[in-house]
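what shape does this take:
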Amino acid sequence: MGRIGESVNTKDVYLIKPKLEDKNALEEFKKEFLLNNEKAIPGSSDILEFSKYEDWLKHIKAYENAKTVPVKGHVPATIYLLKRKCDKRVLGILQIRHRLNDFLSNYGGHFGGSIRPSERNKGYSAKMIVLGKSKAKRFGINDVLITCLTTNKSSARSIEKAGGVFEKTVYFKEKEVHINRFWLKTNK
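Numbers count the residues shown, from 1 in each chain. Take a look at the predicted model:
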């Protein structure tokens, strides 16, 4: 593969921070996960726990600043929506953690994200990672750690397609799962 992300066309999608006017689109996004019997939306900063969209917006805004992070021990993070240009549909969600704590250094990484069930396996995850790379660089992140469960072959393929280089597999004892670790350079 040449340069990182070279084979991934990102012209039809973009990343944007959630706004009040995205409320209906995000409600539809959430509903699709629930209808697919998924109990969590990775990378969403617990959006399913909020009954009011406006409360979730305040929550994610508080996470953007180290001084206002709502949960002790958590790191600052910024949430982005992956939207398709032609119809403005929310395809995915990406959380970029500005730095790593001990847990994230071992298991979680800088990026957490999800693609809505109906849009999976269409290349959007790799596109989201490539677009996230330039956002991460703005936070001073030169080397992005991205992880996924060893059982999630689709995520591993997306990470590699976006330029992620496999480092190793680690065992997360508390959850009894194996996690693959990948690194992505933001300056390439």
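
for the residue nearest to residue 29 when sequence neighbours are not counted, what are its contacts?
Closest residue in space to residue 29, ignoring its immediate chain neighbours: residue 90 at 4.7 Å, by C-beta to C-beta, 6 or more residues apart in numbering. Every C-beta, even on glycine, is put in place using the N, C-alpha and C of the backbone. Residue 90 is in contact with 22, 25-26, 28-29, 81-83, 116, counting by C-beta atoms under 8 Å, 6 or more residues apart in numbering.

show me how to select, in ChimeraX, the buried members of the residues you listed.
Burial among the contacts of residue 90 is assessed by 16 or more other C-beta atoms under 10 Å; the matching ChimeraX selection reads:
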select :22,26,29,81,82,83,116
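
now, which of the contacts of residue 90 lie within helices?
Assignment to helices by DSSP state H places the following of these there: 25-26, 28-29.

I'd like these laid out as CSV, including pLDDT.
Formatted as CSV, those follow (pLDDT from 0 to 100):
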residue, pLDDT
25, 96
26, 96
28, 96
29, 97
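
show me the two of those that sit farthest apart.
Comparing every pair within the ones in helices among the contacts of residue 90 by C-beta to C-beta identifies 26 and 28 as the most remote, at 7.3 Å.

next one: the residue nearest to residue 29 from residue 129, what distance?
As judged by C-beta to C-beta, to the nearest Å, residue 90 and residue 129 stand 17 Å apart.

helix, strand or coil for the nearest residue to residue 115 once chain neighbours are set aside?
Closest residue to residue 115 apart from its sequence neighbours, by C-beta to C-beta, 6+ apart: residue 92 at 4.3 Å. Classification of residue 92 using DSSP: H, G, I helix; E, B strand; the rest coil returns strand.

just grab the bridge partners of the residue nearest to residue 29 for me.
residue 83 (DSSP bridges).

residue 36 contacts residue 117, correct?
Yes - Residue 36 is within contact range of residue 117, at 4.3 Å (criterion: C-beta atoms under 8 Å).

residue boundaries of the strands in this structure?
Remark: strands assigned in the chain by DSSP state E are 13-16, 77-84, 90-97, 111-115, 143-149, 165-172, 177-185.

could I get these as a markdown table with mean pLDDT?
Shown next, in a markdown table, are the strands of the chain (pLDDT from 0 to 100):
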| stretch | mean pLDDT |
| --- | --- |
| strand 13-16 | 98 |
| strand 77-84 | 98 |
| strand 90-97 | 98 |
| strand 111-115 | 97 |
| strand 143-149 | 97 |
| strand 165-172 | 97 |
| strand 177-185 | 97 |
